[in-house]
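Enquirer: Here you go, sequence then predicted model.
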Amino acid sequence: MIIEKENLEDQQVKLTVEVDSEQLEASKRKAAKKIARRVKVPGFRPGKAPYQVIRRQVGDEVILEESLEILVNDIYPQVIEEAEIEPYGPGNLENVVSLDPLKLEFVVPLMAEVEIADYPSIRIPYDPPVISDEDINAVEQDFRQRQAVEETADRPAEVGDHVYLRLSAKRYDEGEENEESSQSALIEERTTSIVIAEENADTSNEWPFAGFSRELVGMSAGEDKTLVYTFPGDSPYETLREVTAEFSIQVEDVKSRNLPELNDEFAQSLGEYEDLSALEKDIRESLEERAIDQYNSEYDDQVLDQIVEGSTIKYPPQMKENEINNIIRQLETRLGNQGLDMDIYLKTREMDDQGLRDEAEPVAETRVQRSLVLLEIARLEEIDVSETELEEETTRTLQSITQFMPESDRKRYETPEALFNITGNIYAELRMNRTIEYLRSIANGEAEAEEEKAGEAEEGHADSQPEDESRNDTPAAEAQGKVEEDRKPVDEVEDSPDEGRTVESDQEEQGDSVSGEMEDGDTSKE
């Protein structure tokens with residue numbers, strides 16, 4: 001074979017392969033035998049008709065078409081090896097350039113390449129939130145609300161009341177003449193209840209939309225109301241974003257609520273708390289943990305975005321397409337958990353499949369870039385996960401997943417293939433999380449402070465050692481001198497073998513990591 005190689009701009013390579021005539025002829029004969037097994041030839045048993053008979057029966061074009069598929073499967077591994085390339089995934093036969101001689105044109109995606117930014121120099125102010133007494137009090141008030149004693153109120157609803165109602169919603173397009181065609185059910189009629197929030201309270205988590213409870217002020221049992229509301233583009237309910245809905249409300253009952261006093265007795269009623277101070281301590285710790293996790297997530301995004309911006313990242317389009325597919329699969333799972341399917345979602349948002357892919361593309365691009373940067377830094381810093389840690393985390397994950405499953409479903413997770421996939425995903429997640437934590441310690445200055453502290457400790461230890469100016473030329477002294485020589489810093493003895501290493505020099509290692517971990521799933525935040 002003769003192979004011509006042309007690198008393309010999108011991290012792919014075009015291979016033009018001239019195939020030996022003997023290889024083509026052998027493939028034609030294989031194709032003829034294959035055709036003979038499914039074509040009835042008078043006078044011959046299936047698969048036994050000679051080559052020339054099959055040629056006359058089906059024609060050279062049919063044999064050639066079948067032979068090309070056989071030929072490509074036969075020669076492709078050899079083509080990749082002789083071209084000396086590291087493919088990200090399978091290539092495509094793009095064109096048959098000529099038949100005599102036979103020339104085939106393949107386009108093959110290559111492994112990603114990353115020229116990483118100077119991440120050790122990144123510094124970003126780190127100012128995690130502080131939990132205030134007001135935050136703790138808000139949680140305590142929420143606990144009081146949950147423990148409230150209710151009584152039927154023979155009056156219009158007020159702030160703090162618990163209102164029971166029938167609710168339904170349908171799509172509303174203002175100005176449409178045909179009401180039936182312009183409206184469709186978004187929320188089937190159901191019974192629900194809600195506590196009316198104070199005027200300045202945070203209602204962002206109210207259902208079906210923020211501030212809904214305030215619409216109930218002044219309504220009495222048996223009263224109806226219709227209101228129109230447009231969901232914002234960042235609504236947590238993905239299927240309702242930018243949708244205008246008409247809500248129908250029928251109040252069934254209004255109950256006033258008497259809240260318990262906030263004291264030691266109340267704290268003890270909530271759990272094993274000695275007094276109110278113990279409850280507040282537990283609340284503070286929980287709020288701090290949640291706040292730090294949220295802050296770190298946003299902080300880590302800033303760090304990664306800065307590294308990505310300063311890095312040169314090349315990857316084939318197939319990598320981004322695979323991530324788009326992952327995003328859509330994750331969306332389908334979330335919709336399924338809400339009792340919806342993709343068709344309803346697309347119809348509600350007036351979007352087709354291509355529109356959804358276009359919307360997911362920038363998210364996929366960010367995920368791919370961040371994942372590749374993290375993989376490269378993990379490789380450079382030799383960040384890994386021990387077998388013991390991986391085994392322990394896999395065991396915990398499996399126990400969590402299968403804890404409440406019936407035996408029949410649990411067995412699906414015990415197959416070698418399932419265990420291999422789960423372990424691979426857990427390994428990738430642990431390694432990425434460890435790399436993110438490492439980058440956070442660099443950006444917030446913690447790593448630098450630790451290095452300075454360690455250096456001062458070493459210096460203090462050296463200063464505390466007594467100097468011995470006497471010389472001892474005994475064999476024991478010579479041996480001690482040799483040991484001290486061996487303990488010299490590496491840069492005083494010889495150049496480090498890793499000095500100046502690049503993505504190119506470690507391409508094989510980087511390729512294995514990217515192909516394995518990128519295909520296993522989402523490593524960026526969603």
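Expert: Okay, I see it.

Enquirer: Now do the strands in the stretch 51-200 of the chain.
Expert: Along the stretch 51-200 of the chain, the stretches classed as strands by DSSP state E, counting those that start in this stretch are 92-99, 102-109, 113-115, 149-152, 162-171, 185-195.

Enquirer: State which helix of this structure is the longest.
Expert: Ranked by residue count under DSSP state H, the longest helix found in the chain is helix 276-310.

Enquirer: Can you point out the buried residues in that helix?
Expert: Neighbour-count burial for helix 276-310 flags 276, 279-280, 282-284, 287, 296, 299-300, 303-304, 306-308 (criterion: 16 or more other Cβ atoms under 10 Å). Yep, even glycine has a C-beta here, placed from its N, CA and C like the rest.

Enquirer: pLDDT wise, what is Ala49 at?
Expert: Ala49 carries a pLDDT score of 85 in this model.

Enquirer: right, and Thr16 touches Leu104 too?
Expert: Yes. Here Thr16 reaches Leu104: they are 7.5 Å apart, a contact under Cβ atoms under 8 Å.

Enquirer: Which one's more surrounded, these two?
Expert: Leu104 (22 against 16; other Cβ atoms under 10 Å).

Enquirer: all helices for the stretch 201-350 of the chain, in order.
Expert: Secondary structure of the stretch 201-350 of the chain, counting by DSSP state H, counting those that start in this stretch: helices at 264-270, 276-310, 317-337, 342-348.

Enquirer: which element follows the last one toward the C-terminus?
Expert: What it means is helix 342-348. helix 353-380 (DSSP states H and E).

Enquirer: For that following helix, name the packing helices and strands.
Expert: Contact partners of helix 353-380 among helices and strands, from 3 or more Cβ pairs under 8 Å, 6 or more residues apart in numbering; DSSP states H and E: strand 113-115, helix 276-310, strand 312-314, helix 317-337, helix 342-348, helix 416-443, helix 507-520.

Enquirer: So which of the ones you listed is nearest Val72?
Expert: Closest approach to Val72 among the helices and strands packed on helix 353-380 is made by helix 317-337 (18.2 Å; Cβ to Cβ).

Enquirer: can you list the domains in this protein?
Expert: Annotated domains of the chain cover 2-110, 148-258, 291-444+508-520 [automatic domain parsing].

Enquirer: And Leu110, what's its pLDDT?
Expert: 96.

Enquirer: Dig out what it forms beta bridges with.
Expert: Pro87 (DSSP bridges).

Enquirer: mean confidence score for the longest helix of the chain?
Expert: pLDDT averaged over helix 276-310 gives 97.

Enquirer: Could you do stretch 194-202 as well?
Expert: Mean predicted confidence for stretch 194-202 is 89.

Enquirer: can you check stretch 394-409 too?
Expert: Rounded mean pLDDT across stretch 394-409 is 86.

Enquirer: Between the two ends of that stretch, what distance do you get?
Expert: Start-to-end span of stretch 394-409 (Cα to Cα, to the nearest Å) is 18 Å.

Enquirer: And the contacts of that stretch?
Expert: 410, 413, 419, 422-423, 426 (Cβ atoms under 8 Å, 6 or more residues apart in numbering).

Enquirer: Pull out the buried positions in it.
Expert: Here stretch 394-409 shows 394, 397-398, 402 as buried, counting by 16+ other Cβ under 10 Å.

Enquirer: Check stretch 383-394 too.
Expert: 383, 385, 390, 393-394.

Enquirer: ok now do Ala443, which residues does it touch?
Expert: Contact partners of Ala443, counting by Cβ under 8 Å, 6+ apart, are 122-124, 126, 299, 302-303.

Enquirer: and the buried residues of stretch 383-394, which of them are in helices?
Expert: 390, 393-394.

Enquirer: From the residues you listed, pick the one nearest Val159.
Expert: Glu393 (47.6 Å).

Enquirer: hang on, isn't the closest one packed against Asn433?
Expert: No. With contacts counted by Cβ under 8 Å, Glu393 stays clear of Asn433, the gap being 10.7 Å.

Enquirer: can you list the weak-confidence ranges in the chain?
Expert: Where the chain drops to pLDDT under 70, the residues are 173-183, 461-526.

Enquirer: Could you report the neighbour count for the spatially closest residue to Asp264 that is not a sequence neighbour?
Expert: Leaving aside its chain neighbours, Asp264 sits nearest to Asp275 (4.3 Å; criterion: Cβ to Cβ, 6 or more residues apart in numbering). Per other Cβ under 10 Å, the neighbour tally for Asp275 reads 12.

Enquirer: So Asp275 versus Thr203, what's the distance?
Expert: 32 Å (Cβ to Cβ, to the nearest Å).

Enquirer: that older thread, the buried residues of stretch 394-409 into TSV, with extra columns for distance to Val39 and secondary structure?
Expert: Below are the buried residues of stretch 394-409 laid out as TSV (distance: Cβ to Cβ, whole Å; DSSP: H, G, I helix; E, B strand; the rest coil):
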residue	distance to Val39	secondary structure
Thr394	52	helix
Thr397	53	helix
Leu398	52	helix
Thr402	51	helix
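
Enquirer: In TSV, list the residues you listed along with distance to Gln147.
Expert: Putting these into TSV (distance: Cβ to Cβ, whole Å) gives the following:
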residue	distance to Gln147
Thr394	41
Thr397	35
Leu398	37
Thr402	35
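
Enquirer: Among those residues, which one lies nearest to Val163?
Expert: Closest to Val163, out of all of the buried residues of stretch 394-409 and judged by Cβ to Cβ, is Thr402, at 41.1 Å.

Enquirer: The closest one and Asn421: what is the separation?
Expert: 15 Å.

Enquirer: Mark which of the contacts of stretch 394-409 are buried, thanks.
Expert: The buried subset of the contacts of stretch 394-409 - by 16+ other Cβ under 10 Å - is 422-423, 426.

Enquirer: and which of the residues you listed is nearest to Glu22?
Expert: Of all the buried ones among the contacts of stretch 394-409, Thr423 has the smallest distance to Glu22: 46.0 Å, by Cβ to Cβ.

Enquirer: distance of the residue nearest to that closest one when sequence neighbours are not counted from Val17?
Expert: Among residues not flanking Thr423 along the chain, Thr394 sits closest, at 5.2 Å (Cβ to Cβ, 6+ apart). Counting by Cβ to Cβ, the separation of Thr394 from Val17 is 43 Å.

Enquirer: Equivalent analysis for Thr348, please.
Expert: Relative to Val17, and taking Cβ to Cβ, Thr348 is found at 49 Å.

Enquirer: quick one: which of those two has more around it?
Expert: Taking other Cβ under 10 Å, Thr348 and Val17 do not tie; Val17 has more neighbours (24 against 17).

Enquirer: Now the common contact residues for Thr16 and Leu104.
Expert: Val97.

Enquirer: which stretch of helix or strand covers the closest residue in space to Leu104 that isn't next to it in sequence?
Expert: Spatial nearest neighbour of Leu104, chain neighbours left out: Val17 (4.9 Å); criterion: Cβ to Cβ, 6+ apart. If you go by DSSP H and E, Val17 is part of strand 12-18.

Enquirer: Output the contacting helices and strands for the helix or strand following that strand.
Expert: Next in sequence after strand 12-18, counting helices and strands by DSSP H and E, comes helix 21-36. Packing partners of helix 21-36 (3+ Cβ pairs under 8 Å, 6+ apart): helix 51-58, helix 60-83.

Enquirer: quick one: contacts of helix 21-36?
Expert: By Cβ under 8 Å, 6+ apart, helix 21-36 touches 1, 44, 46-49, 51, 54-55, 58, 62-64, 66-71, 74-75, 101-102.

Enquirer: export the buried residues of stretch 383-394 to a markdown table and tack on distance to Pro317?
Expert: Below are the buried residues of stretch 383-394 laid out as a markdown table (distance: Cβ to Cβ, whole Å):
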| residue | distance to Pro317 |
| --- | --- |
| Ile383 | 29 |
| Val385 | 31 |
| Leu390 | 32 |
| Glu393 | 34 |
| Thr394 | 33 |
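
Enquirer: so which of the helices of the stretch 201-350 of the chain gets nearest Met111?
Expert: Nearest of those (Cβ to Cβ): helix 317-337, 9.4 Å.
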